[in-house]
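# For reference, the sequence and a predicted model appear below.
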Amino acid sequence: MCGDRPTTVSQHHRHAGHEARFTRAAPFIEVLSNPRKSKNPLPDKQLALLRSPTRRQPPGSDLDTQMIGLRGWALWFLNQLADSAAQAIVLGERLVADRERASGPDHPDTLTSRNDLAVAYKAAGRAHEAIALHERTLADRERVLRETHPDTLASRNNLAHAYRSAGRLDQAVPLLERTLADRERVLGETHPDTLASRSNLAHAYRDAGRLDQAIQLLERTLADRERVLGETHPSTLASRKNLASAYQDAGQLDEAEDLQNRSGSGS
């Protein structure tokens, strides 16, 4: 049973207008992937900045600020692609250093970049580094942004996700339970991030052998996603698949077959 993806950046800020921002970031990502064959080369000044340490640019200059921001977007999109972890790490490690230099270690943008780098570490199988960085980012966000800020809740979700992947369920489950309760209270019971938290908690319950509780949460998540996101939304389809799998594990074969038939028919 697969879980929802970690929350990478301040998604409640970045959802709006993300397509336009992707258009701006796409040439940069292409250059990062293959600078020599890029069909959309960046301006010479930006290429020079990409290939050399940004500290050579005047601190706080427009070019320095713009390139750091653009690299932040590139890191986020690389994480979303979920197949470029090594590239994301190279970009992210340098980006975090430059964010700390330009804005300070506690600036929200620095914390976002640190969170995104931790996500890349986890995707690359570097669990120890991912957990350590998520723990640091969560502590800093709790101190700087407060415990119930959406970004803090995202960090708590991501740390729990990393704990679960490392088999540390005794630490993952309480964090996921707390995150779900806070997201229900702060964001609302049917916010997409709340639904993702409910799904992730269900996965952790299942891993821990608490199948009845997992099924209850999966049933509620599927019903809410069908109502809020629609029956053919990718998250809804994932919820239907996960619930069918849990039904099979519980021996509820008729219910599992019904869900599988619904998924197969596209309804």
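Received the coordinates, thanks.

# and the nearest residue to residue 227 once chain neighbours are set aside, what helix or strand is that in?
Take residue 227 and drop its neighbours on the chain: the residue closest to it by Cβ to Cβ, 6 or more residues apart in numbering is residue 190, 7.6 Å away. C-beta: built from backbone N, CA, C; applies to glycine. Remark: residue 190 resides in no helix or strand, with elements defined by DSSP states H and E.

# Spit out the contact partners of residue 190.
Residues near residue 190 by Cβ atoms under 8 Å, 6 or more residues apart in numbering: 224, 227, 228.

# Go through those and say which is closest to residue 66.
Nearest to residue 66 out of the contacts of residue 190 is residue 228 (Cβ to Cβ; 36.4 Å).

# Retrieve the pLDDT associated with that closest one.
Residue 228 is assigned a predicted lDDT (pLDDT) of 95.

# now residue 18
pLDDT for residue 18: 44.

# how near is the spatially closest residue to residue 91 that is not a sequence neighbour to residue 93?
For residue 91, ignoring the flanking residues on the chain, the nearest one in space by Cβ to Cβ, 6+ apart is residue 75 at 5.3 Å. As judged by Cβ to Cβ, to the nearest Å, residue 75 and residue 93 stand 10 Å apart.

# Give me the three-state assignment for residue 167.
Classification of residue 167 by DSSP: H, G, I helix; E, B strand; the rest coil places it in coil.

# Next, count neighbours for it.
When neighbours are counted by other Cβ atoms under 10 Å, residue 167 registers 10.

# for it, what are its contacts?
Applying Cβ under 8 Å, 6+ apart, no residues qualify as near residue 167.

# Look at it and report its pLDDT.
In this model, residue 167 is scored at 95, pLDDT.

# how far away is it from residue 245?
Relative to residue 245, and taking Cβ to Cβ, residue 167 is found at 20 Å.

# Then residue 171?
From residue 171 over to residue 245 (counting by Cβ to Cβ), the distance is 25 Å.

# Residue 113 too?
On the measure of Cβ to Cβ, residue 113 and residue 245 end up 35 Å apart.

# Of the two, which one has the most company?
Higher neighbour count among residue 113 and residue 245: residue 113, with 29 against 17, using other Cβ under 10 Å.

# Where does the more buried one fall, secondary structure wise?
Assigned by DSSP H and E, residue 113 falls within helix 108-123.

# Mind giving me the packing neighbours of that helix?
helix 62-81, helix 85-103, helix 127-145, helix 150-165 (3 or more Cβ pairs under 8 Å, 6 or more residues apart in numbering; DSSP states H and E).
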